[in-house]
Every structure is written in structure tokens, then in C-alpha cells.
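J.: My questions are about this predicted structure, shown below with the sequence.
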Amino acid sequence: MTRTRLKICGLTREQDVDAAVAAGADAVGFVLYEKSARHVTPQRAAELARRLPPFVTPVLLFVNATPKAVRTACELIPNALLQFHGDETPAECEAAARPFLRAARIPLDPAQPFDLLAFTAGFHRAQAILLDAHVEGFGGAGKAFDWSRIPTNVNAHLVLSGGLNAANV
């Protein structure tokens, strides 16, 4: 039997963190990308992460962050899983020497190719590949891509993101 795991991302307020935990979230994500409407500083993420009980994982989401910014956030939240959602290379993701997720931005237009097999091979050290819709800027903006485009022979753990709701989960 498989268990569906849930990460709720982009939380900025104590009451939302508490509600996510009460609802059974396995992980809570904090967006450290300044251009996001859901951005928090590393210090704020650390405050919110301290509310998490054992076995609920804090996740730090980065978009093209400097190595220093990643290090600073990791020092403040040492038990966090990292999520890279920008144009980071495998070497840049691995440089933090921490477990990480790597976002794959899947085009909404099926005519636009995306080689998920090659992408996952390049990021073989990722704990999982997070599949999100490719929209202008970064983040899925609540959009779901056509999941039938996911190859059945991907050699990686996959995480669905973006556009998830009660009807499609």
C-alpha cells in the first residue's frame, strides 16, 4: 500500500503553518525567492519552522539563489529539505551537501517538448523531482500540466505540484 504524502508550500503566517500541521501535512514549504508574493526571509522561515512538530519537514524553496543565501538559510533551519526551482545545475544543487528536491518545469503546451528522462538523469542525486507547470516567472501559478505526458519509465521519485485540488488529486 502506498501513502500519499502532502507538502503545503508558500506559508507565511503562524496560523497557516498550524492549520497545515493540523490537516496532516508531511512537509511545509517556505519560499525564499524575493520576487514571490509568498516570500519570507530566512529569519522568518526559521521562526515559522520552529512551530513544526517532529516528523513534519520544513522545506526551503530557492530560485537561482547564491550559495551564500542557501548556506545562511541552512544554518538557520538545519533540518530543512532544500527545493531548487530555478535554473540551478546539478552541481549547484549538490553544493549545499543537503538532501534536495529539484523542480522540473513542464510546458503547458504539449507541442513544446520536455525530456523528463534526461532531466531526471541529470539530477540523479535529488531526493525527488518535483513536476510543476512552466509558466512565466517561476512557480506553477496554480496551473496543472497534462499529467499523461509523464513517462512511465522515469527512474526517480516524482512529486506533483501546481494546480492540485480535490477534483484531480
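T.: Thanks, I have it.

J.: Now stretch 95-106: buried residues?
T.: 96, 98, 100-106 (16 or more other CB atoms under 10 Å). For glycine as for every other residue, the C-beta is placed from the backbone atoms N, C-alpha and C.

J.: which other helices and strands contact the helix or strand bottoming out on mean pLDDT in the chain?
T.: In the chain, no helix or strand scores lower on mean pLDDT, DSSP states H and E than strand 158-160, which sits at a mean of 80. Judged by 3 or more CB pairs under 8 Å, 6 or more residues apart in numbering; DSSP states H and E, strand 158-160 is in contact with strand 128-134.

J.: pLDDT weak spots in this protein?
T.: 1, 135, 137-141, 163, 165-169 (pLDDT under 70).

J.: Try it again at 50.
T.: Applying pLDDT under 50 to the chain flags no residue at all.

J.: ok, which stretches of it are helices?
T.: 14-22, 42-49, 67-76, 90-94, 116-122 (DSSP state H).

J.: Nearest approach to residue 57 belongs to which of these?
T.: helix 42-49 (9.4 Å; CB to CB).
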